[in-house]
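1. My questions are about this predicted structure, shown below with the sequence.
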Amino acid sequence: MGKGHNVQHGFLEADGDYIMFMDADFATDLHIMERILPVIEKHDGFIASRRCKGAVIETKQTLKRRFVSWVSRILIRMRFHLGYSETQCGFKLFRKDLAKALAKHQIIDGFAFDVEYLYFCHLNGFDIQEVPCNWNDGEKSTIEKAAKTSMNFIGDMKRIKKNKKNYILSEEEKESLKRKEA
């Protein structure tokens, strides 16, 4: 059904104080947790970035994938105004209650679910921190049918924007998801 579908079901089934996902190819170095753990209780979630200050790209993607990534970043920035260097690096971590809410409101099964999650957080004022990571493009990391995947991504971004009113929580819902000050 797609990466988004699988992450959604993982979030709904997972248990623990925090729920995260990362790409199976371990492109994001897990040492990122050394940056997150000391401040984990101060924020609602974290996203890894290979584009923000302090990030290290150890092995670059192909020129074609870098171009697609660049275009995607521009389109996402123009449509959603999220303020992140990027949204598609495959590592996200959220407080459990927020992760469950994200999964329950999710409509996207494909790659754009990251944008959907961050847009939901943005609309509701959740504090999601972008963290620089060490990143390696894995040899086996591929997107089959890049043109079709890109068109699906653009279509999913339109669906996310159309669904905006369904992402906005009531004040009561926001209060129930409010982070408890540490």
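-> Thanks, I have the structure now. Numbering: from 1, shown residues only.

2. starting at the chain centroid, how far to whichever strand or helix holds E130?
-> Assigned by DSSP states H and E, E130 falls within strand 128-132. A distance of 10 Å separates the centroid of the chain from that of strand 128-132, by C-alpha atoms, centre = their mean, to the nearest Å.

3. the helices in this structure, which residues?
-> All helices of the chain, identified by DSSP state H, fall at 3-13, 33-36, 63-80, 96-105, 113-123, 146-162, 164-167, 171-177.

4. how about low-confidence regions in this structure?
-> Residue ranges of the chain with pLDDT under 70: 139-144, 182.

5. Nearest residue to H81 in space, please, no chain neighbours.
-> Closest residue in space to H81, ignoring its immediate chain neighbours: H122 at 7.8 Å, by C-beta to C-beta, 6 or more residues apart in numbering. No exception for glycine: its C-beta is placed from N, CA and C like everyone else's.

6. do I168 as well
-> Closest to I168 by C-beta to C-beta, 6+ apart is L123, at 5.4 Å.

7. The one you found against N166, yeah?
-> No - contact criterion C-beta atoms under 8 Å: L123 and N166 do not qualify, at 10.2 Å.

8. Next, count neighbours for the residue nearest to H81.
-> Number of residues near H122 (other C-beta atoms under 10 Å) recorded here: 16.

9. How about the contacts made by A48?
-> Counting by C-beta atoms under 8 Å, 6 or more residues apart in numbering, A48 touches M22, T28, I32, C89, G90, F91, K92, V131, P132, C133, W135.

10. K165 versus that one, what's the distance?
-> According to C-beta to C-beta, to the nearest Å, A48 and K165 sit 30 Å apart.

11. and if you look at K42?
-> 30 Å.

12. neighbour-wise, which of the two wins?
-> K42 (11 against 7).

13. and the more buried one, how far is that from T28?
-> Computed as C-beta to C-beta, the K42 to T28 distance reads 21 Å.

14. G54 too?
-> 14 Å.

15. The two: which is more packed in?
-> Neighbours were tallied for G54 and for T28 using other C-beta under 10 Å; the higher tally belongs to T28 (20 against 10).

16. hang on, isn't the more buried one packed against C89?
-> Yes - look at T28 against C89 with C-beta under 8 Å: they come within range, at 6.4 Å.

17. Now do the shared contacts for the two.
-> Common neighbours of T28 and C89 (C-beta under 8 Å, 6+ apart) are A48, R50, C133, W135.

18. Just the buried ones among those residues, please.
-> The neighbour-count criterion (16 or more other C-beta atoms under 10 Å) marks A48, R50, C133, W135 among the shared contacts of T28 and C89 as buried.
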